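Visitor: Here you go, sequence then predicted model.
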Amino acid sequence: MKTKDSLKTFIEENRESFDSQTPPDSSWQKIKSNLAKEPKQFFWNSISFWRVAAFMMLGLSAYLFMAKSYSKPDKQDIAALKGFSDLEVYYRGEITEKLDLVKRYQSQTGFNDDEVTQNLKKLEAMYLVLNDQMKKKPTQDLRDAMVLNFLVRIDLINQQLHKLDNPKVSAEKPKSIQS
């Protein structure tokens, strides 16, 4: 501790003599030349290079994504679309035929099920959306969804026909149980 105090007191006593002297200008030049030289910054190491590279990658990714989204359909997709038109004609014919049967039964029996009609309208609306998507970009998944839509509608109509065709059977069952 004594050495620290003695150094401190020496500096305090001689402060004016320390502050009055200035180093010569040439000494700064010597110090500067002896310092380690700053390495040259290469183009690869610059931050602006990496910013430009990231921006170009982002632009390229966006372009490729958009190009894929708006690309023309493949030959396989077009073939799926052409083959689907035959299926569409067949299923539409089946649906129309069965709906005519339902209307005839309903006019004879006076039975009308609005729930089935509403469900058929919803399925038709879904089909129209699927059909628009198929026109834009046909895929096998869309084709399968459209066929499934047709099959669900046909099944719904078949259930309605079964209800209309067998009202007597469902009415007779409780009578036979009572006797």
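Guide: Perfect, thanks for sending it.

Visitor: pull the longest helix from this protein.
Guide: Criterion DSSP state H: the longest helix present in the chain is helix 75-109.

Visitor: my read: residue 147 touches residue 127, true?
Guide: No - if you go by CB atoms under 8 Å, residue 147 and residue 127 don't touch, sitting 10.4 Å apart. C-beta coordinates here come from the backbone N, C-alpha and C atoms, glycine included.

Visitor: Neighbour count: the two, which is higher?
Guide: More neighbours surround residue 127 than the other of residue 147 and residue 127, with 20 against 14 (other CB atoms under 10 Å).

Visitor: That one reaches residue 149, doesn't it?
Guide: Yes - taking contacts as CB under 8 Å, residue 127 lies within contact range of residue 149: 4.9 Å.

Visitor: so what sits against both of the two?
Guide: When CB atoms under 8 Å, 6 or more residues apart in numbering defines a contact, no residue borders residue 127 and residue 149 alike.

Visitor: how about the helices in the protein?
Guide: 2-13, 15-20, 25-34, 47-69, 75-109, 114-136, 140-165, 167-178.

Visitor: May I have the residues that are in contact with residue 122?
Guide: Going by CB under 8 Å, 6+ apart, residue 122 touches no other residue.

Visitor: Mind doing that once more with 10 Å?
Guide: residue 153 (CB atoms under 10 Å, 6 or more residues apart in numbering).

Visitor: How confident was the prediction at it?
Guide: Here the pLDDT value assigned to residue 122 is 87.

Visitor: And it, how far from residue 129?
Guide: From residue 122 across to residue 129, the span is 11 Å (CB to CB, to the nearest Å).

Visitor: who touches stretch 54-67?
Guide: By CB under 10 Å, 6+ apart, stretch 54-67 touches no other residue.

Visitor: pull the CA atoms of it into PDB?
Guide: Output of stretch 54-67 as PDB, limited to C-alpha atoms (Å, rounded to 0.1, in the frame of the first residue of the first chain):
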ATOM      1  CA  ALA A  54     -30.300 -12.700 -48.900                       C
ATOM      2  CA  PHE A  55     -32.500 -10.300 -50.900                       C
ATOM      3  CA  MET A  56     -31.800 -12.200 -54.100                       C
ATOM      4  CA  MET A  57     -32.600 -15.500 -52.500                       C
ATOM      5  CA  LEU A  58     -35.900 -14.100 -51.200                       C
ATOM      6  CA  GLY A  59     -36.700 -12.800 -54.700                       C
ATOM      7  CA  LEU A  60     -35.800 -16.100 -56.300                       C
ATOM      8  CA  SER A  61     -37.900 -18.100 -53.800                       C
ATOM      9  CA  ALA A  62     -40.900 -15.800 -54.400                       C
ATOM     10  CA  TYR A  63     -40.600 -16.200 -58.100                       C
ATOM     11  CA  LEU A  64     -40.300 -20.000 -58.000                       C
ATOM     12  CA  PHE A  65     -43.300 -20.200 -55.600                       C
ATOM     13  CA  MET A  66     -45.400 -18.000 -57.900                       C
ATOM     14  CA  ALA A  67     -44.300 -19.800 -61.000                       C
END
